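K.L.:
I'd like to go over a predicted model; first the sequence, then the structure.
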Amino acid sequence: MTSTDVIIVGAGPTGLFCAHQLGVIGLKCEIVDNLDKIGGQCIELYPDKPIYDIPAISECTGEELTNNLVKQIKPFKFNFHLGERVDEIKNENKKWILKTSKGKEFISPNIVIAGGVGSFEPRKFSSESCEKFEGKSILYSIKDKSIFKSKSVTIFGGGDSALDWAIELSKNSKVTLIHRRDEFRGATSSVDKIKELQKQNKIEVLTQFQLSEVKGNENLESAEIKHDDGKVKSIKTNYILGFFGLIMKLGPIADWGLNLDKKHIPVNTENFETNQKGIFAIGDICTYPGKVKLILSGFHEGALAARGCFKYARPDEKLRFEYSTTSKTIHKRLGVKK
Ligand SMILES: Cc1cc2nc3c(=O)[nH]c(=O)nc-3n(C[C@H](O)[C@H](O)[C@H](O)COP(=O)(O)OP(=O)(O)OC[C@H]3O[C@@H](n4cnc5c(N)ncnc54)[C@H](O)[C@@H]3O)c2cc1C
């Protein structure tokens, strides 16, 4: 079990800047995120779009903002635990114990929830027959493309992810691309490439079809697909990939004994603590009179929550206010050489 001063749930911009503020005041933290990358909405929803209202930065993309926030906390060497959802929390002897979806456990006097609109999760196939194959031969993201080599892969979806993977996997696998509409939503260049591969018989494309059920005992054997006109077709396949985008779910946070107000966590504005001692909420997930859902508000909330964590992490010490320009202690923590 990993013991630390603070556990941050969510590696979006708010969680990242809160980590910086914890480092500045001399606290350690571990950062957990359900996504397999750092940056929250900025990286998942708009990495290339320019943001114009980050203080003192006239323009930067979601990806640039994320990279800068990561660079700013580098001196503290905090650990990230990505691709892991914080599922359970419980209190034992005034400390919080957290358990992730991968079974990792943390113990800390403080939790900072910077969970945005909840965890991003893939939109899944609706057929119950898929459940027993999910995570094995029915996948919603790809970690290791080598598993598909020389196999039959059936890809569902009409956006960039479906098209990009269909193109990539067609090099070494038998690929069938299935979309419920006639038109694909992905980039024109990808749509053209798919048409070219289809002409060369390197890819099979079926449109106006949707998955109705899958068949197989131990292993997945086939996908039953239904055309808009009611016609049913069976496709032999080793793998099924679904790329239908992400949905945001408040998820397990709803079961942690916190007061909730329309899927948001009410906090006080002195230190952003919730109704539970040692649990703070910042960024899009918190609510209070006058809350504005902007990144700049999350930065302020993270700075105050970090100071709120100090009293539980160092109950016998008093936190001294210091400027980063002049404090030798802060310079040392940041590794500033002067
Ligand atoms: C298209 C678009 C454009 C935007 N433009 C602007 C703009 O110009 N200016 C601006 O200020 N704001 C903008 N925003 C809003 C801004 O992105 C959000 O306010 C900001 O991302 C909130 O940051 P956050 O850290 O609170 O949450 P998020 O960025 O949502 O990050 C939360 C993270 O927590 C993780 N998480 C949640 N639950 C769990 C769990 N149980 N376990 C593990 N991880 C969990 C999620 O996976 C996620 O990565 C825009 C938003 C969108 C969608």
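P.N.:
Ah, there it is.
K.L.:
need the residues of the stretch 201-338 of the chain near the ligand, please.
P.N.:
Residues of the stretch 201-338 of the chain lying near the ligand by CB under 6 Å from any ligand atom: 251, 252, 253, 283, 284, 293, 294, 295, 296, 298. Any C-beta I mention is one placed from the backbone N, CA and C, and that applies to glycine too.
K.L.:
And those, which two are furthest apart?
P.N.:
Maximum pairwise distance among these (CB to CB): 28.2 Å, between 252 and 296.
K.L.:
give me every residue that touches the closest residue to the ligand within the stretch 51-200 of the chain.
P.N.:
Nearest residue of the stretch 51-200 of the chain to the ligand (CB to the nearest ligand atom) works out as residue 116 at 1.9 Å. Counting by CB atoms under 8 Å, 6 or more residues apart in numbering, residue 116 touches 10, 12, 14, 40, 41, 248, 283, 284, 285.
K.L.:
What count of nearby residues applies to the third one?
P.N.:
In other words, residue 14. 31 (other CB atoms under 10 Å).
K.L.:
How about the fourth one?
P.N.:
Applying the criterion other CB under 10 Å, we find 28 residues in the vicinity of residue 40.
K.L.:
if I look at the residue nearest to it when sequence neighbours are not counted, how far off is the ligand?
P.N.:
Nearest residue to residue 40 in three dimensions, chain neighbours excluded: residue 12, at 2.2 Å (CB to CB, 6 or more residues apart in numbering). Taking CB to the nearest ligand atom, to the nearest Å as the measure, residue 12 falls 2 Å from the ligand.
K.L.:
All the helices of the stretch 51-200 of the chain, residue numbers only.
P.N.:
Secondary structure of the stretch 51-200 of the chain (DSSP state H, counting those that start in this stretch): helices at 62-73, 160-169, 188-199.
K.L.:
need the ones you listed in CSV with mean pLDDT and distance to the ligand, can you?
P.N.:
Shown next, in CSV, are the helices of the stretch 51-200 of the chain (pLDDT from 0 to 100; distance: least, CB to the nearest ligand atom, whole Å):
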stretch, mean pLDDT, distance to the ligand
helix 62-73, 97, 7
helix 160-169, 94, 16
helix 188-199, 96, 22
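K.L.:
Run through the residues that contact residue 67.
P.N.:
Applying CB under 8 Å, 6+ apart, we find residue 67 in contact with no residue.
K.L.:
Nearest spatial neighbour of the residue of the stretch 51-200 of the chain closest to the ligand, chain-adjacent residues omitted?
P.N.:
Leaving aside its chain neighbours, residue 116 sits nearest to residue 284 (4.6 Å; criterion: CB to CB, 6+ apart).
K.L.:
so that neighbour sits in a strand?
P.N.:
No: using DSSP: H, G, I helix; E, B strand; the rest coil, the assignment for residue 284 is helix, not a strand.
K.L.:
Would you confirm that it contacts residue 14?
P.N.:
Yes: contact criterion CB atoms under 8 Å: residue 284 and residue 14 qualify, at 7.4 Å.
K.L.:
what residues do these two have in common as contacts?
P.N.:
116, 298.
K.L.:
Okay, now the unreliable bits of the chain?
P.N.:
Residue ranges of the chain with pLDDT under 70: 338.
K.L.:
How far does stretch 124-139 sit from its chain's centre?
P.N.:
Remark: stretch 124-139 is offset 21 Å from the chain centroid, using CA atoms, centre = their mean, to the nearest Å.
K.L.:
cool, stretch 307-327 as well?
P.N.:
30 Å.
K.L.:
and the closest residue to residue 179 other than its chain neighbours, how many residues sit next to it?
P.N.:
Nearest non-adjacent residue to residue 179, counting by CB to CB, 6+ apart: residue 158, 4.1 Å away. Here the count is done by other CB under 10 Å, and residue 158 has 21 residues near it.
K.L.:
Just the buried residues of the residues of the stretch 201-338 of the chain next to the ligand.
P.N.:
Neighbour-count burial (16 or more other CB atoms under 10 Å) applied to these gives 251, 252, 253, 283, 284, 295, 298.
K.L.:
So what does the second one look like in phi/psi?
P.N.:
In this entry, residue 252 is assigned phi and psi values of phi -60, psi -20 (degrees, to the nearest 10).
K.L.:
swap in the one 5 residues further on?
P.N.:
For residue 257, the backbone dihedrals are phi 70, psi 20 (criterion: degrees, to the nearest 10).
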